[in-house]
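In: test case, fold it:
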Amino acid sequence: MLAPLVGWFLPTLALSTGIYASWQRGQELRRVSRVLGQTSLDIDSVLHGGKQSAEDKLYDLVESNAKLRGVMQKEGATRDDLRKIYWRLMAAGAGQWVRGHFTPASSLCYGFTLEFVLSKLREEEATHSTPKEIWQDAGFRLVDHFQKGKVGRV
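Out: Predicted structure coming up:
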C-alpha cells in the first residue's frame, strides 16, 4: 500500500528539489549579475569591493554546481580560466544586458555556454591568435544566443 505512494513521491521530490536548486542558482546569478552589470560607478561598491566580491560569488556559483564543475573538470579548467574568460568577454564588448542576462556572467553559468567559452580559451592558447579575433566573435555569438533565447549549443 505504501510502495505506490513512495514510488510516486520520491521521483516527484527529486524533480522538485532539482527545480528548486535551479531556481536558487538563477536567483543568485541575477543578484551577482546586477552588481557586475552596473553601468554607473557606485562609490560604496568601489570602497567595499562590491564588484570583486560579486565576481568571486560568480565563480563560486559555477564551481558549486555539479554539472558546471563536471564541464570544468572535463576541460581541465580552473577558477583562473573562468576569470580570464569573464574579462576577455568584457574587453570584447560582450559586457551587456540581453533579455535579463549579463552576458559575461551568464556565459559561465550554463553548460553549453561554458563549454563554448572554454573551447574559445583553449583555441586562444593553442593558436596564439590575437585574443581580439577570438573573443569579439565569441562575444557576438553569445549575445545572439541570449538574445534569441536559445538553450542549446552556441
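
In: averaging pLDDT per element, find the lowest-scoring helix or strand in this structure.
Out: Lowest on mean pLDDT, DSSP states H and E among the helices and strands of the chain sits helix 43-47, with a mean of 52.

In: tell me which strands and helices whatever helix or strand comes next after that one is in contact with?
Out: Later in the chain than helix 43-47, the nearest helix or strand by DSSP states H and E is helix 50-64. Applying 3 or more CB pairs under 8 Å, 6 or more residues apart in numbering; DSSP states H and E, we find helix 50-64 packed against helix 2-36, helix 66-75, helix 79-91, helix 103-108. To be clear about C-beta, it is placed using only N, CA and C from the backbone, and glycine gets the same treatment.

In: the ones you listed: lowest mean pLDDT?
Out: Lowest mean pLDDT within these: helix 2-36, at a mean of 64.

In: and for residue 149, the neighbour number?
Out: 9 (other CB atoms under 10 Å).

In: so what's the residue count around the residue nearest to it when sequence neighbours are not counted?
Out: Nearest residue to residue 149, sequence neighbours excluded (CB to CB, 6 or more residues apart in numbering): residue 99, at 6.5 Å. Number of residues near residue 99 (other CB under 10 Å) recorded here: 10.
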